[in-house]
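Sequence and predicted structure, then a few things I'm wondering about:
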Amino acid sequence: MDYYVIEANNLIKKYRDLTAVNSINFSVPKGELFGFLGPNGAGKTTTMKMVQCISPRTQGSLKIFGMDPDTDGREIRKCIGVVPQETNLDPDLSVFDNLAVYARFYDISSREAAIRADELLSFFELDTKRDTIIEKLSGGMKRRLLLARALINRPELLILDEPTIGLDPQARHHIWEKLLKLRAEGHTIVLTTHYLDEAARLCDRLVIMDQGSILVTGSPDALVKHYIGMDIVETENIPEVVQYLDNAGIHYDSGGEVLQVRTKNPKDITDKLRESFQGIRIITRPGSLEDVFLLLTGRRLRD
Amino acid sequence: MKKIKRCKEFITGSYRVWLRNALVFRKNIRVNLVPPFIEPLLYLGAIGFGIGAYITDVDGLPYVRFIAPAILAASVMNASFFECAYGTYVRMYYQKTFDAILATPITLKEVILGEILWGATRGLISAISISIILFVLGLASPSGLLIVLPLSFFAGMLFAGIAACFSAISPSIDTISYPATLFIAPMFLFSGTFFPLHLLPQVIQYIALIFLPLTHVVSLTRALLTGTSDTFWALNITWIFVGILVFSFLAIRLFERRLIV
């Protein structure tokens, strides 16, 4: 029997005049790294807040560790670690004190807290910053400290809302590496992200949400295979090329400055295009999660 | 049994929130401890000894002895009120400290009670620093000072609770200046602080007794520190304790309405 850490059935969250989460179903088994993807306003953060037991659901059922957030919020939160989207470290305290103070909220003795804090600081390579004040840390260090803080209670479930937002590539890779290590240690991890490369690289399974609903569920590879299935040839969106493709009966999608042709035989199309149009820019690449995402959620800008 | 467990969790939770604020306060202790010592000295010097030189006795007391208890009470009010008005707002809105704490087993009720207890503690810290000054200058009865300290903590809870209510409904940090100038400032002047209440028209006396909680704190503090009697002591104490209950519950409700959506 599978042991689900989170089980949501027809979960609904309504605000006064807005349905933020519209009857979603998902379940996260123990040890999985599960992702929530979606444009702004898709309902990802709202879903996370319900899982964290800080926002009550409107309807439907939600079980975390088999418990109900409405009645066992405190017990559930004892076993959850949260990395918020916005930094909410204590700016007046040092790196170490941030962890030590946070540990008290979990009933962890100060001696035990000190041991765990030092362990976590070395795991996240922050030992040299132990006594630094928060405002002197870089964005990447703050994120790592938030992660360390989320682990202070040795949670069974780790929730991350946009864990690498605004970080440089080095810092992102560092966080990814740590997350994969945590998963390897058996942690169940749920994350939301806008970054599709991040989701593709990290998640065992993910859902794509839009306007409060889950559009698809699956592993990144399976989704790409199912929805794109082939390679993509990208070329310039100019009238001559459009006419050529129309005449040749080749199906394409146009997105702004580029035309995209999904094909099982990219070489054939590339050769034909090069023959007809001298010096045209052509890129061939495998289908990606981003293609699935745009296919399902459209190209319209969200606010 | 379950109720007892809940109650214990509630109290430890609030204590942990209090402790977090106390630790941050301790980190900046040099900056934090200077104002409570300097401010009362300014008032005592300028109003008590300066203006007081032109005033003979007030209700049979030298003027400086008359206002010393009021300065203590007003400092408790200011310290507690501003901590839970601006301090709480900053922790909730700007530093997102509440969000961080609410991700742990601590509940919002405990956060707010912890904030109010911390506001009261700020009041107590002010009361202690002024007590030292009054004791050294011989302006108050030493045994009275000992009773005034716990009273100051409860008075602090009252003003912290009122402040927390305003903080909970304030759309932005700027609007907190309304209660500060429209409520706290007049209360500072018209609660029998710098002149006895009975000099005011009867109607205003009633208004002060009903709507200005500082009146009750000043009158109890003055009785204790000058060794005089307080005709309204029962009303004073009742107002303070009922006020603590009402405003603490109201503050919790208002914060829940704002933050649990």
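Received the coordinates, thanks.

Go through the chain and flag its longest helix.
All of this refers to chain A. Ranked by residue count and defined by DSSP state H, the top helix of chain A is helix A:169-184.

not what I meant, chain B
Chain B, longest helix under DSSP H: helix B:108-137.

and it with chain A, contact?
No: against chain A, helix B:108-137 shows no contacts by Cβ under 8 Å from any Cβ of the partner chain, the least distance being 8.5 Å. Any C-beta I mention is one placed from the backbone N, CA and C, and that applies to glycine too.

which other helices and strands contact that helix?
Counting contacts by 3 or more Cβ pairs under 8 Å, 6 or more residues apart in numbering or on different chains; DSSP states H and E, helix B:108-137 is packed against helix B:2-27, helix B:29-43, helix B:63-82, helix B:97-102, helix B:142-169, helix B:233-259.

By mean pLDDT, point me to the weakest helix or strand of the chain.
In the absence of a named chain, this looks at chain A. Among the helical and strand segments of chain A, the one scoring lowest on mean pLDDT, DSSP states H and E is strand A:253-255, with a mean of 80.

please go with chain B instead
Least confident helix or strand of chain B, by mean pLDDT, DSSP H and E, is helix B:29-43 with a mean of 84.

Sort out which residues of that helix are buried, please.
Buried residues in helix B:29-43, defined by neighbour count with 16 or more other Cβ atoms under 10 Å in any protein chain shown: B:36, B:39, B:40, B:43.

can you tell me how far the last one sits from chain A?
To tie it back to what came earlier, the one meant is residue B:43. Look at residue B:43 and chain A: by Cβ to the nearest Cβ, to the nearest Å, they are 29 Å apart.

Might you report the residue contacts of that residue?
B:67, B:71 (Cβ atoms under 8 Å, 6 or more residues apart in numbering or on different chains).

So it versus residue B:74, what's the distance?
8 Å (Cβ to Cβ, to the nearest Å).

Could you do the second one as well?
Between residue B:39 and residue B:74 the distance is 9 Å, computed by Cβ to Cβ.

same check, this time on the third one
Relative to residue B:74, residue B:40 is positioned 9 Å away (Cβ to Cβ).

burial count for residue B:18?
Residue B:18 has 20 neighbours, counted by other Cβ atoms under 10 Å in any protein chain shown.

Equivalent analysis for residue A:244, please.
For residue A:244, the tally of surrounding residues (other Cβ under 10 Å) stands at 16.

Kindly report the residues of the stretch 1-150 of chain A close to chain B.
Counting by Cβ under 8 Å from any Cβ, the stretch 1-150 of chain A sits next to chain B at A:15, A:52, A:54-56, A:73-75, A:77-78, A:80, A:82, A:84, A:86-93, A:97, A:101-102, A:104-107.

Show the buried residues in the residues you listed.
A:52, A:54-55, A:73-74, A:77-78, A:80, A:82, A:84, A:87-90, A:92-93, A:97, A:101-102, A:104-106.

Show me those residues that map onto strands.
A:80, A:82 (DSSP state E).

List the ones among the buried ones among the residues of the stretch 1-150 of chain A next to chain B that fall in helices.
Taking DSSP H, the ones among these that sit in helices are A:73, A:74, A:77, A:78, A:97, A:101, A:102, A:104.

Next, give me the two most distant ones among the buried residues of helix B:29-43.
By the measure Cβ to Cβ, B:36 and B:43 form the most distant pair in the buried residues of helix B:29-43, at 12.1 Å.

Now list whatever residues contact both of the two.
By Cβ under 8 Å, 6+ apart, residue B:36 and residue B:43 have no common neighbours.

May I have stretch A:233-244 exported as CSV, CA atoms only?
Taking Å, rounded to 0.1, in the frame of the first residue of the first chain, the C-alpha atoms of stretch A:233-244 are listed here in CSV:
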residue,chain,number,x,y,z
VAL,A,233,12.4,23.2,-35.4
GLU,A,234,12.4,26.9,-34.8
THR,A,235,12.8,29.5,-37.6
GLU,A,236,12.2,33.1,-38.3
ASN,A,237,8.6,34.3,-38.6
ILE,A,238,8.7,36.0,-41.9
PRO,A,239,5.9,36.0,-44.6
GLU,A,240,8.1,34.1,-47.1
VAL,A,241,8.6,31.2,-44.7
VAL,A,242,5.0,31.2,-43.7
GLN,A,243,4.0,30.9,-47.3
TYR,A,244,6.5,28.2,-48.0
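
Buried residues of it, list them for me.
Quick answer for stretch A:233-244 (16+ other Cβ under 10 Å): A:233, A:234, A:235, A:241, A:244.

average model confidence for it?
Mean pLDDT, computed over stretch A:233-244, is 87.

now what about it, what contacts it?
A:252, A:254, A:256-261, A:263, A:266, A:269-270, A:273, A:276-277, A:280-285.

Just the buried ones among these, please.
For these, buried by 16+ other Cβ under 10 Å: A:252, A:259, A:260, A:261, A:263, A:266, A:269, A:270, A:273, A:277, A:282.

Greatest separation within those: which pair is it?
A:263 and A:277 (17.1 Å).

Flag every buried residue along stretch A:132-141.
A:133, A:134, A:137, A:140, A:141.

same deal with stretch B:225-233?
So stretch B:225-233, judged by 16+ other Cβ under 10 Å, has buried residues B:225, B:226, B:230, B:232.

try stretch A:114-121
Buried, per 16+ other Cβ under 10 Å, within stretch A:114-121: A:116, A:117, A:120, A:121.

That concludes my questions; thank you for your assistance.
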